[in-house]
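K.L.:
what's the 3D shape of this:
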Amino acid sequence: MTTSTSSSSIRTGRSGGLLAVILLGQFMAILDATIVTVAAPAIRADLESSGAALQLVVAGYTIVYAMLLITGARLGRRFGHRRLFQAGLVLFTAASLACGLAATTAQLIAFRLFQGAGAALLVPQVLSLIQLTLDGAARARAFSVYSSVLSGAAVAGQILGGVLTGADIAGTGWRPIFLVNVPIGVVLLAAGVRLLPADRPGATTGLDLPGLVTFSPAVLLLVTPLVLGRELGRPVWGWAMVPAGAVFAVVFVATQRRAAAPLIPGCVLRSPGLVLAAASIFSMMAGYAGFLFTMALYLHDGLGLSPLRSSLAFVLSSVGFGAASLSWRRVPARFHRRVVPAGPALSAAGYLAVAFITARLGSPGFLYQVAGVVSGVGMGLAFSSVLSAALSRVMPVDAADASGVMSTVTQLGQVAGVAGLGAVFLGFPFGSVAAAAAVTNTGVAALVLLSAVFAAFLPRR
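P.N.:
Sure thing, here's the model as predicted:
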């Protein structure tokens with residue numbers, strides 16, 4: 001195998017630098033999914049954007065990102081993970097510069113789509129590089145740091161968006177939320193030349209064009225109404241996209257059965273525990289993303305907090321997520337099997353406590369913060385352990401495809417959580433923000449408990 005050469009070089013002292021490069025790239029990609037939300041009012045005022053156009057500025061990135069993740073993973077397997085990570089980073093950085101200089105809403109929307117495409121190229125390479133260049137305890141630690149990045153970036157996006165927009169640096173308003181990516185991207189590109197392992201020639205893998213041209217529309221048609229439907233009043237075209245997406249999904253499955261090099265090989269889906277782990281992570285991330293979205297609305301609309309103060313209310317929860325992700329391996333090995341379902345169960349208890357607090361229109365005080373830390377710790381224990389359990393059994397040759405699947409599942413879970421729980425919160429029939437928050441947080445707890453059920457049936461190591 002070609003991975004042995006790169007693996008040995010990484011283990012001789014460059015693993016820290018490698019992880020710093022690829023995970024900071026991942027951090028930027030996730031950050032830009034949320035950083036725009038806080039700046040949306042400033043963008044609307046400056047560019048005179050319509051509501052629908054502004055929603056495309058916010059959501060267009062997510063739609064393209066989700067649609068192209070598995071394609072990005074396959075391209076990495078065919079042309080090299082280093083090459084695709086660097087190419088994605090170039091596109092993402094250039095698009096960020098273009099977003100920061102955009103003169104019209106239409107330009108900003110277009111450049112956001114390119115940003116999402118760049119993220120979709122670089123993000124799948126992160127898990128693939130971890131899989132192929134690290135093993136044993138080093139790989140497990142890398143998965144833990146990866147989980148911390150996921151939790152921290154979403155909250156950091158809201159905080160940084162508020163700080164940069166509010167600072168109005170040199171009268172630039174909202175533009176620094178995009179321009180901040182440019183120097184970071186340039187530094188990562190330079191560091192990647194030295195730290196990323198060289199791509200090695202290996203077995204060529206077909207692109208599965210029938211799979212590509214049916215999977216991407218299926219995701220596009222299913223995700224677009226979830227992301228845009230609520231803001232646009234659930235239009236008829238949105239409802240029509242769902243069955244059309246289902247048709248493309250059925251055709252995609254049919255093409256995979258006949259393809260010589262399927263986009264999602266059956267052997268990947270048959271990897272022990274991968275489907276169960278994917279279901280667990282989908283439910284988990286749907287709950288987590290739904291919690292962040294609906295609680296931001298509760299804190300702003302119900303308690304009247306500013307966007308920045310609202311985002312600060314999630315910091316301790318995110319810290320708990322990150323700390324647990326980094327330290328769960330320190331639990332004695334004989335208890336690791338129990339950590340997998342126990343993490344989501346603990347997290348669900350925290351979310352139920354938040355539901356109780358919000359039912360009384362409670363503020364993000366001491367009890368709320370305790371509940372947030374409990375939910376974050378449980379989520380961190382769960383995500384890292386489930387991801388490690390799933391990918392540790394995947395053959396190296398299938399690492400890219402498995403990474404694409406897990407990255408896509410993570411992203412789709414977040415989209416579904418925001419859309420589903422957001423619809424419950426915003427459409428709550430009784431007109432009480434407190435009651436709406438209590439119901440949606442109970443729904444978050446239920447989703448996380450469902451992830452615990454899936455995790456409980458993961459095969460033993």
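
K.L.:
what's the helix or strand for the spatially most central residue of the chain?
P.N.:
Centroid-nearest residue in the chain: residue 411, 4.5 Å away (criterion: CA atoms, centre = their mean). Assigned by DSSP states H and E, residue 411 belongs to helix 399-426.

K.L.:
Next: residue 215.
P.N.:
Using DSSP H and E, residue 215 sits within helix 209-228.

K.L.:
ok, and what's touching stretch 448-461?
P.N.:
The contact list for stretch 448-461 (CB atoms under 8 Å, 6 or more residues apart in numbering) reads 272-273, 276-277, 279-284, 287-288, 336-337, 340-345, 347-348, 351, 378-379, 382, 385-386, 389-390, 392-393. (Each C-beta comes from the backbone N, C-alpha and C, glycine too.)

K.L.:
Packing partners of the helix or strand where residue 267 lies?
P.N.:
Element membership for residue 267, per DSSP H and E: helix 266-269. Helix 266-269 sits against helix 399-426, with contacts defined as 3 or more CB pairs under 8 Å, 6 or more residues apart in numbering; DSSP states H and E.

K.L.:
The helix it packs on: which residues count as buried?
P.N.:
Within helix 399-426, the residues scored as buried using 16 or more other CB atoms under 10 Å are 399-425.

K.L.:
who's in contact with residue 24?
P.N.:
Contacts of residue 24 (CB under 8 Å, 6+ apart): 184, 188.

K.L.:
Repeat the analysis, applying 7 Å as the threshold.
P.N.:
Residue 24 sits next to residue 188 when contact means CB atoms under 7 Å, 6 or more residues apart in numbering.

K.L.:
And it, how close does it get to residue 410?
P.N.:
18 Å (CB to CB, to the nearest Å).

K.L.:
Quick one: residues contacting residue 410.
P.N.:
Residue 410 neighbours (CB under 7 Å, 6+ apart): 281, 285.

K.L.:
Could you report the neighbour count for residue 270?
P.N.:
A count of nearby residues for residue 270, using other CB atoms under 10 Å, gives 9.

K.L.:
what helix or strand does the nearest residue to residue 182 once chain neighbours are set aside sit in?
P.N.:
The shortest distance from residue 182 to any non-neighbouring residue, by CB to CB, 6 or more residues apart in numbering, is to residue 97 (5.1 Å). Using DSSP H and E, residue 97 sits within helix 81-101.

K.L.:
Which is the succeeding secondary structure element to that helix?
P.N.:
By DSSP H and E, the next helix or strand past helix 81-101 is helix 105-133.

K.L.:
Could you pull up the mean pLDDT of that following helix?
P.N.:
The predicted model gives helix 105-133 an average pLDDT of 91.

K.L.:
Counting neighbours, what do you get for the closest residue to residue 436 other than its chain neighbours?
P.N.:
Nearest residue to residue 436, sequence neighbours excluded (CB to CB, 6+ apart): residue 428, at 3.6 Å. If you count neighbours by other CB under 10 Å, residue 428 ends up with 16.

K.L.:
and residue 428, which of the three is it?
P.N.:
Under DSSP: H, G, I helix; E, B strand; the rest coil, residue 428 falls in the coil class.

K.L.:
For it, list the residues it contacts.
P.N.:
Applying CB under 7 Å, 6+ apart, the residues near residue 428 are 435-436, 439.

K.L.:
pLDDT value on it, please?
P.N.:
Note on residue 428: pLDDT of 79.

K.L.:
what do you get for residue 349?
P.N.:
On the pLDDT scale, residue 349 is placed at 93.

K.L.:
Quick one: neighbours of it, just the number.
P.N.:
If we define neighbours as other CB under 10 Å, then residue 349 has 16 of them.

K.L.:
doesn't residue 371 make contact with it?
P.N.:
No. Residue 349 is beyond contact range of residue 371, at 8.4 Å (criterion: CB atoms under 7 Å).
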